[in-house]
Structure formats: C-alpha cells, structure tokens
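Participant: What follows is a protein structure lacking sequence information:
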C-alpha cells in the first residue's frame with residue numbers, strides 16, 4: 001500500500017463517546033460544554049513505515065484551540081513522551097478516545113487517549129490525559145496523565161458511574177512473582193487535580209483464566225479497601241453480563257473458573 005500524501009485535518013466531536021482508531025472523524029462539534037469557542041483539532045501526516053516494516057498512520061498532532069489552530073492551549077504532542085527512553089514509540093499515531101467525562105455532576109473534563117505505532121509483537125505505548133479548563137489562565141490544563149503498554153492486560157479507566165464515579169483506576173502488571181497487577185485509584189483533590197488514594201497488589205493473578213477485565217475482577221477488593229463495600233453486601237458487578245457472580249480468592253468471577261469447567 002502506498003503512503004497517502006498530504007495532511008488530514010480533523011475537527012473532533014466530543015459527545016461522550018470514544019473514537020476508534022480506524023474510524024472516520026465525526027462531524028464538527030465544539031467544546032462549549034467545557035469552554036465556549038474551544039475545539040480540539042487533529043492533523044495527521046502521511047502514512048509511514050513502522051518499526052516492523054508495516055504501513056502505519058502518520059504522526060498525529062492534537063491542538064486545543066479557540067482560533068482554528070493558529071495557537072494551541074495546549075498542544076498535546078507529548079502524550080507519549082518518555083525523555084529517559086527516546087524511541088519510535090514516543091509519538092502518537094492513533095487517536096483512540098476523545099470525549100467529555102464528568103468528575104462530578106458539576107465538573108466536566110476532556111479525556112484523550114492516543115497510541116503509538118505497533119511493535120513487532122503487536123504491543124503499543126498508550127497515553128491518556130484528562131484536562132480541565134482553567135478559566136483564570138484561559139487554557140486547558142492537564143489534571144491527570146498516565147502511560148502504559150498494551151500487551152499484558154494493562155488498563156486505565158475513568159469511572160463514569162457507581163460508587164467510584166469520577167475516579168481513575170489503573171491496572172498495571174507487577175514485575176515479580178506472584179505475577180499480578182498494581183491497582184491504583186486516583187481521585188480529584190481540592191486543587192482540581194487527580195491524586196493517588198489507593199495502591200495495592202491485586203488479588204487477581206496474571207493468567208488465571210478469568211475473562212473479566214482486571215479492574216472488574218478486583219473491584220470488590222478495591223471497594224473494600226476504600227471502605228465502600230464489605231463482604232455480605234451485594235457484589236459490585238461490571239457493566240457486562242455477569243450470569244454467575246461470586247467471589248473466589250477475593251476476586252469477582254462471572255463464569256466458572258477453568259478448573260471447574262471440566263467437572
């Protein structure tokens with residue numbers, strides 16, 4: 001496939017949805033819910049070759065602007081930057097999400113997620129950022145950011161409903177046995193920025209066969225540690241169907257564990 005020449009300029013819509021990496025850009029919508037007159041513009045260069053020799057979308061440039069892109073407040077070109085580890089994976093090539101989320105009923109934020117080109121094993125470097133409009137400075141400012149890889153069930157989730165509404169939870173693999181995940185909960189503090197309120201080694205183990213996302217399987221333990229749930233109360237269930245909810249070794253299962261399926 002030949003590279004497409006020229007630059008694509010997109011005006012992104014934010015109406016509470018995620019934009020898949022391969023989707024066409026939505027119709028133009030401004031960010032008036034956050035700040036009248038502001039928009040997020042995305043431009044993308046021509047396709048290029050990734051480290052595996054495959055064709056990948058060009059470098060992505062994101063600009064929060066109120067003057068059609070003449071100035072950016074801010075530009076979001078550093079979402080994947082790792083100054084101590086410069087590599088081909090430091091630049092965004094895929095826009096995976098761009099939507100308005102709510103930290104509380106009166107506080108809306110812009111949530112952006114981007115990804116790098118693919119490595120030979122299919123992995124990507126993924127960056128997420130939540131931004132708030134600073135009226136005094138007349139610009140958008142980051143209030144949360146986190147980067148992870150992708151191949152080991154990593155996840156960073158903005159919680160949009162339930163007891164942890166407005167929190168940001170991440171599950172990142174541990175580097176030593178017993179292999180599990182670091183579960184981290186961040187909540188907005190008095191300054192309007194996100195700060196860590198909980199971090200623990202998951203009850204979920206890597207490769208345990210549980211089809212639930214790690215954040216969902218560990219949710220009872222997360223809520224227990226935050227004193228938002230205790231054994232004996234109804235289990236906190238994921239958004240997806242959960243036909244057989246039960247706790248096994250402190251983790252939530254919605255199906256029979258692999259060891260039970262053969263009986």
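Facilitator: Received, thanks. The model shown is predicted, which means the values in this text are computed figures rather than measured ones. Numbers count the residues shown, from 1 in each chain.

Participant: List the contacts of the strand or helix carrying residue 198.
Facilitator: If you go by DSSP states H and E, residue 198 is part of strand 194-201. Outside strand 194-201, the residues that touch it by CB atoms under 8 Å, 6 or more residues apart in numbering are 130, 143-144, 168, 174, 180-189, 221-222, 225-226. C-betas here are computed from N, CA, C, even on glycine.

Participant: repeat for stretch 84-93
Facilitator: 50-51, 56-60, 62, 76-77, 79-82, 114-117, 119, 124-125, 127.

Participant: any idea how far the closest residue to residue 182 other than its chain neighbours is from residue 180?
Facilitator: In space, and not counting its chain neighbours, residue 182 is closest to residue 172: 5.0 Å by CB to CB, 6 or more residues apart in numbering. Taking CB to CB, to the nearest Å as the measure, residue 172 and residue 180 are separated by 10 Å.

Participant: Residue 223 in helix, strand or coil?
Facilitator: Under the three-state scheme (DSSP: H, G, I helix; E, B strand; the rest coil), residue 223 adopts helix.

Participant: count of residues packed around it?
Facilitator: Counted by other CB atoms under 10 Å, the residues lying close to residue 223 total 19.

Participant: Ok, residue 98 next?
Facilitator: 23.

Participant: for residue 189, same thing?
Facilitator: 12.

Participant: now swap in residue 240 and tell me
Facilitator: Residue 240: 10 surrounding residues under other CB under 10 Å.

Participant: go on, the one 4 residues further on?
Facilitator: Residue crowding around residue 244 was assessed by other CB under 10 Å; the count is 8.

Participant: in terms of contact, does it touch residue 252 like I think?
Facilitator: No - counting by CB atoms under 8 Å, residue 244 stays clear of residue 252, with 10.5 Å between them.

Participant: Quick check: the gap between residue 165 and residue 221.
Facilitator: Where residue 221 is concerned, residue 165 sits at a distance of 19 Å (CB to CB).

Participant: quick revisit: which among the contacts of strand 194-201 end up buried?
Facilitator: 130, 143-144, 168, 180-181, 183-188, 221-222, 225 (16 or more other CB atoms under 10 Å).

Participant: Can you list which of those residues are found in strands?
Facilitator: Judged by DSSP state E, the subset of the buried ones among the contacts of strand 194-201 located in strands is 130, 143, 144, 168, 181, 183, 184, 185, 186, 187, 188.

Participant: Excluding chain neighbours, what is closest to the first one?
Facilitator: Right, residue 130. residue 144 (4.2 Å).

Participant: so where's the stretch 1-150 of the chain shaky on pLDDT?
Facilitator: Counting by pLDDT under 70, the stretch 1-150 of the chain contains low-confidence residues at 1-30.

Participant: where exactly do the helices run in it?
Facilitator: Read by DSSP state H, counting those that start in this stretch, the stretch 1-150 of the chain holds no helices at all.

Participant: repeat for the stretch 151-263 of the chain
Facilitator: Chain-ordered helices for the stretch 151-263 of the chain, with DSSP H, counting those that start in this stretch as the definition, fall at 214-217, 219-225, 258-261.

Participant: quick one, which of those is nearest to residue 37?
Facilitator: Proximity to residue 37 (CB to CB) singles out helix 214-217 among these, at 35.9 Å.

Participant: Off-centre distance for the closest one?
Facilitator: From the chain centre to the centre of helix 214-217 is a distance of 15 Å (CA atoms, centre = their mean, to the nearest Å).

Participant: next one: stretch 149-163
Facilitator: Centroid separation for stretch 149-163 versus its chain: 6 Å, with CA atoms, centre = their mean.

Participant: what's the first-to-last distance across it?
Facilitator: Start and end residues of stretch 149-163 are separated by 28 Å (CA to CA, to the nearest Å).

Participant: Thanks a lot, catch you later.
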